[in-house]
Every structure is written in structure tokens, then in C-alpha cells.
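J.: Everything below, folded, please.
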Amino acid sequence: MSNEEKSFNYDEGAAVEFILNRLPETLKAKIDEDAVYYFLDLLCEFYERNDYLDEDDEEKEERELVKFIIEQAKEDEIGAFTPDEVRIFLAAESDYTDTLDIFD
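T.: Residues are numbered from 1 along each chain as shown. Have a look, this model is predicted:
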């Protein structure tokens with residue numbers, strides 16, 4: 001199958017289940033299913049607002065994304081999260097995206 005024939009099939013429900021299974025038990029008490037959906041929405045919002053897909057500075061992108069999620073979650077009264085907790089979530093989401101083989 002060529003790259004053009006592959007479709008980007010991001011299943012949000014499957015992503016949530018995958019992410020929840022990847023979170024450490026200590027974080028599962030803080031990030032439930034609703035919070036994972038919320039964080040996924042924030043990821044989309046962040047990338048809609050910012051043009052990082054063509055940027056080479058991944059560290060800057062991650063810092064700003066982590067900051068954005070922390071600030072929005074606090075503002076929307078979802079909870080208070082540390083940068084490390086958000087990075088664990090982002091790593092789990094990235095692992096899910098890697099299973100889709102969209103970048104081969």
C-alpha cells in the first residue's frame with residue numbers, strides 16, 4: 001500500500017483506551033477517561049492555533065504545549081497537573097499515534 005493509499009485513521013475512543021492503559025497507576029487517579037478526551041481536544045486546539053507542524057524546534061513546541069495544557073486544565077477546573085504528568089500523557093498519545101503507521 002502506498003503512502004497515498006494510507007488513510008489517517010485516528011480513532012479517538014481507541015486512543016483514549018490506549019492512553020489510559022499506558023498511564024501509571026498513580027496518574028490514573030488524576031487523569032480519568034474524561035480528562036484524556038479533554039487533553040486530546042486541547043492537543044487539537046493547540047495545533048490549530050499554532051503552526052508547529054513545519055517547525056524544527058521540538059523542545060520549544062513541547063514546552064509550549066505542556067504549558068498550554070496545564071493552563072487550560074487549571075482555567076477549566078479540570079485539575080492541576082505538573083509538567084511531568086502532562087509529558088507522560090503526551091508520550092502515551094504519541095505511542096498511540098505511532099501504532100497507526102501514518103509516517104511510514
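
J.: quick one: low-confidence ranges for the chain?
T.: In the predicted model, the chain carries pLDDT under 70 at residues 1-8, 52-56, 101-104.

J.: Swap in 80 and give it another go.
T.: 1-9, 51-57, 101-104 (pLDDT under 80).

J.: Where do the helices of it begin and end?
T.: Taking DSSP state H to define them, one finds helices in the chain at 12-22, 25-28, 33-49, 58-75, 83-98.

J.: Would you mind giving those helices as a markdown table with mean neighbour count added?
T.: All C-beta atoms are positioned from the backbone trio N, CA, C, and that covers glycine. Listed next are the helices of the chain as a markdown table, based on neighbours: other Cβ atoms under 10 Å:
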| stretch | mean neighbour count |
| --- | --- |
| helix 12-22 | 15 |
| helix 25-28 | 12 |
| helix 33-49 | 15 |
| helix 58-75 | 15 |
| helix 83-98 | 16 |
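
J.: Distance check, the residue nearest to Ala35 when sequence neighbours are not counted against Ile88.
T.: Nearest residue to Ala35, sequence neighbours excluded (Cβ to Cβ, 6 or more residues apart in numbering): Ile78, at 6.0 Å. Computed as Cβ to Cβ, to the nearest Å, the Ile78 to Ile88 distance reads 16 Å.
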